[in-house]
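Asker: Curious how this folds, go ahead:
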Amino acid sequence: MRNIKKIVLAYSGGLDTSVAIRWLKDKYHASVIAYAAEVGQGLKADKLKKRAAAAGADRLIIDDLREEFLCNYAMRAAQAGAVYQGCYYLSAALTRPLIASHMVDAARKVHADALAHGCTGKGNDQVRFELTFQALAPEMKVIAPVREWDMKSRSEEIDYAKEHKIPVDVTRQSPYSIDQNLWGVCIECGMLEDPWVAPPDSAFRLTVPLDRTPVRPADIVLSFERGVPVRLNGKGVGIVELVEKLNKVAGKNGIGRSDLVEDRLVGIKSREVYEVPAATVLYRALREIEALVLDRWTRQWKEKTSMEYAQLIYDGLWDCPLRKHLAEVTQSISELVTGDVRLRLWRGNVIILGRRSPNSLYDYELATYESADVFDHRAADGFTKIYGLPLKVIGRRRARRNK
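Answerer: The predicted structure follows:
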């Protein structure tokens with residue numbers, strides 16, 4: 001076994017990673033540096049420090065990555081229209097390469113020998129962390145305690161935590177595994193492992209049940225510059241604050257819940273429940289401005305590639321050349337995506353009230369059926385004849401064969 005003296009562990013403060021600290025120290029007799037990233041989960045630094053210390057960590061590093069996460073990861077996915085299997089806005093998947101890249105930086109600063117994570121052997125996150133580690137630090141050893149230790153269930157991990165006096169929030173009565181950041185919440189485990197069972201309201205954090213949403217709708221105006229939201233209701237606001245406000249108002253109106261049986265990268269199906277209030281609104285608003293400013297061919301290209309872009313993110317390939325090339329193209333396209341969108345948020349619905357852009361391709365005089373119409377209707381006769389010529393030839397063949 002390679003002599004390992006110092007390990008940097010991705011630390012969330014949850015059950016798996018808290019238990020992993022103690023297990024790593026006992027297994028490798030090495031110093032363990034816990035690395036935690038604030039990405040909008042409401043990280044409580046003092047609580048995290050106490051928990052990491054109780055578990056045996058020699059040091060805890062905390063970085064606030066919220067703005068970087070939204071600007072360089074979440075909004076890049078939104079500009080590409082990336083949604084996995086029609087429901088998952090990739091909230092957790094987008095944080096992994098970000099966190100992993102900062103872990104590599106931290107590991108080099110403290111002269112660590114290895115990188116570690118608390119992901120399970122049948123989850124997607126192990127791939128997302130490890131592919132980023134391999135791309136950015138191929139020389140470092142990667143350790144995955146959950147794949148190695150003898151504990152087979154969360155109940156056994158809870159017992160291990162109690163035995164070693166490690167404080168954790170998970171209990172057998174509340175067994176959910178929850179991953180939260182500014183872009184959304186991922187909820188799994190417990191009763192949700194039965195795809196027939198309806199998610200209880202107690203499992204949700206950001207969204208209100210439809211029967212408890214306000215009677216009156218919430219009307220808002222979102223303003224974008226080059227594909228990035230910059231104003232809410234006419235007031236300039238930073239990206240972090242804007243997303244926080246959108247999560248609040250959209251969540252209050254029951255927007256952003258989804259329940260998906262998804263195909264994991266490792267080949268199994270998994271039932272996941274998601275909450276993405278702000279992302280749901282932002283994606284819809286972006287599409288409305290794109291409808292005004294992008295030509296048909298570019299819109300069709302985006303629709304075709306958005307699924308592939310989402311797949312690359314989901315599969316942990318953020319650092320692969322193809323994802324980077326696609327990002328360059330979508331960012332170039334987003335240079336035109338400037339304008340305002342009026343939306344109504346009501347009872348789980350995002351309703352478009354209006355959209356405008358200085359880069360709009362919408363021409364009133366071409367679109368109108370009123371007296372201002374300048375469209376040459378006579379030209380349509382030749383257009384339809386040429387456009388339909390292949391069908392006319394096919395029709396003639398059919399007629400000959402039917403004689």
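Asker: Assign a three-state SS to the closest residue in space to residue 182 that isn't next to it in sequence, would you?
Answerer: Distance criterion Cβ to Cβ, 6 or more residues apart in numbering; nearest residue to residue 182, sequence neighbours excluded, is residue 40 at 3.0 Å. Bear in mind the C-beta positions are built from the backbone N, C-alpha and C, glycine included. In three-state terms, and counting by DSSP: H, G, I helix; E, B strand; the rest coil, residue 40 is coil.
Asker: Quick check: bridge partners of the nearest residue to residue 314 once chain neighbours are set aside?
Answerer: Closest residue to residue 314 apart from its sequence neighbours, by Cβ to Cβ, 6+ apart: residue 84 at 4.7 Å. With DSSP bridges as the criterion, residue 84 is bridged to residue 88.
Asker: on that earlier part again, surely the residue nearest to residue 182 meets residue 181?
Answerer: Yes. The criterion here is Cβ atoms under 8 Å, and residue 40 meets it with residue 181 at 4.4 Å.
Asker: what's the overlap in contacts for those two?
Answerer: Residues touching both residue 40 and residue 181 by Cβ atoms under 8 Å, 6 or more residues apart in numbering: residue 69.
Asker: what sits against residue 64?
Answerer: Residue 64 touches 37-38, counting by Cβ under 8 Å, 6+ apart.
Asker: That one and residue 356: what is the separation?
Answerer: In this structure, residue 64 and residue 356 are 35 Å apart, going by Cβ to Cβ, to the nearest Å.
Asker: what do you get for residue 306?
Answerer: 24 Å.
Asker: Pick out whichever of these two has more residues nearby.
Answerer: residue 306 (18 against 14; other Cβ atoms under 10 Å).
Asker: Can you classify the more buried one as helix, strand or coil?
Answerer: helix.
Asker: ok, now which ones touch the nearest residue to it once chain neighbours are set aside?
Answerer: Spatially, and ignoring its direct neighbours in sequence, residue 306 is nearest to residue 81 (3.7 Å; Cβ to Cβ, 6+ apart). When contacts are counted by Cβ under 8 Å, 6+ apart, residue 81 is found next to 283, 286-287, 302-303, 306, 309.
Asker: So which of these are in helices?
Answerer: 283, 286-287, 302-303, 306, 309 (DSSP state H).
Asker: what's the distance between stretch 307-315 and the middle of its chain?
Answerer: 11 Å (Cα atoms, centre = their mean, to the nearest Å).
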